[in-house]
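In: From the sequence below, what's the structure:
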Amino acid sequence: MTTAVTRRSTSHFKRLPKGANGGIQLLLIHNVEHLGRQGDLVEVKSGYAMNYLLPQGLATIATDHHQRMVEKHREKLRAIELEKLRSYQEQADELAKQSITIEANANDEGHLYGSVGPHEIVDALKSVGIHLAQDQIRLDGPLKELGLYTVKIHLHSEVEASLKVWVVPTATEAGEAGNA
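Out: Model (predicted):
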């Protein structure tokens, strides 16, 4: 007795539209850094589309219907984006007014025994009620000496803020130096 093997037809899956360079054409629902702005028609590799953009809801398949919908609502989308930018700019202005102090162990020359990185800066900001992610802190390298640093904070693709960070010796070291 033989059994018939039936193959599943994959024809019920819609094929993704191919671009001129062989990638997949998508319509961006949200701004994607280093790729494009909301409403842009972009061409990306299939893995990037299937594993990141589509599952995260950042893009959709570029159909005529979707393009017409974006055109219809483009002004509303611009207003929403401008409001987001305004709020990020307000946050940047608030950060520029802030100054945080981080205590660290250092030797007599002012060189830190360790270093101050994004993790310590984020923790210091949390203590004053500002919540940021570590990847938003832009350092040229870890801070390895006592002093005042201006640190860049990446809030949005178009908005960066500056934050003053004081790296000071720990209170016990400052007290010992005064007693010596």
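
In: Residue 156 is in contact with residue 91, correct?
Out: No. Shown here, residue 91 and residue 156 do not form a contact pair, counting by Cβ atoms under 8 Å, at 9.2 Å. Every residue, glycine included, has its C-beta placed from N, CA and C.

In: list the buried ones in the top helix by length along the chain?
Out: In the chain, with assignment by DSSP state H, the single longest helix is helix 64-97. Within helix 64-97, the residues that count as buried by 16 or more other Cβ atoms under 10 Å are 66, 70, 77, 81, 88, 91, 92, 95.

In: Report the secondary structure element holding the nearest residue to the second one once chain neighbours are set aside.
Out: Which is residue 70. In space, and not counting its chain neighbours, residue 70 is closest to residue 39: 4.6 Å by Cβ to Cβ, 6 or more residues apart in numbering. Under the criterion DSSP states H and E, no helix or strand holds residue 39.

In: measure residue 39 to residue 128 for me?
Out: Computed with Cβ to Cβ, to the nearest Å, the distance linking residue 39 and residue 128 is 37 Å.

In: okay, the two: which has more neighbours?
Out: residue 39 (20 against 9; other Cβ atoms under 10 Å).

In: Can you check what pLDDT the model gives that one?
Out: Here, the pLDDT recorded for residue 39 equals 81.

In: OK, contacts around it?
Out: For residue 39, the contacting residues are 27, 28, 70, 74, 77, by Cβ atoms under 8 Å, 6 or more residues apart in numbering.

In: Between those residues, which sits nearest residue 136?
Out: residue 28 (21.7 Å; Cβ to Cβ).

In: and the closest one, what are its bridge partners?
Out: residue 59 (DSSP bridges).

In: can you tell me which residues contact the closest residue to residue 21 other than its chain neighbours?
Out: Leaving aside its sequence neighbours, residue 21 sits nearest to residue 43 (Cβ to Cβ, 6+ apart; 5.9 Å). Neighbour list for residue 43: 19, 20, 21, 23, 24, 25, 26 [criterion: Cβ under 8 Å, 6+ apart].

In: Can I take it that residue 43 is in a strand?
Out: Yes. Under DSSP: H, G, I helix; E, B strand; the rest coil, residue 43 sits within a strand.

In: Read off the pLDDT value for it.
Out: Residue 43 is assigned a predicted lDDT (pLDDT) of 91.
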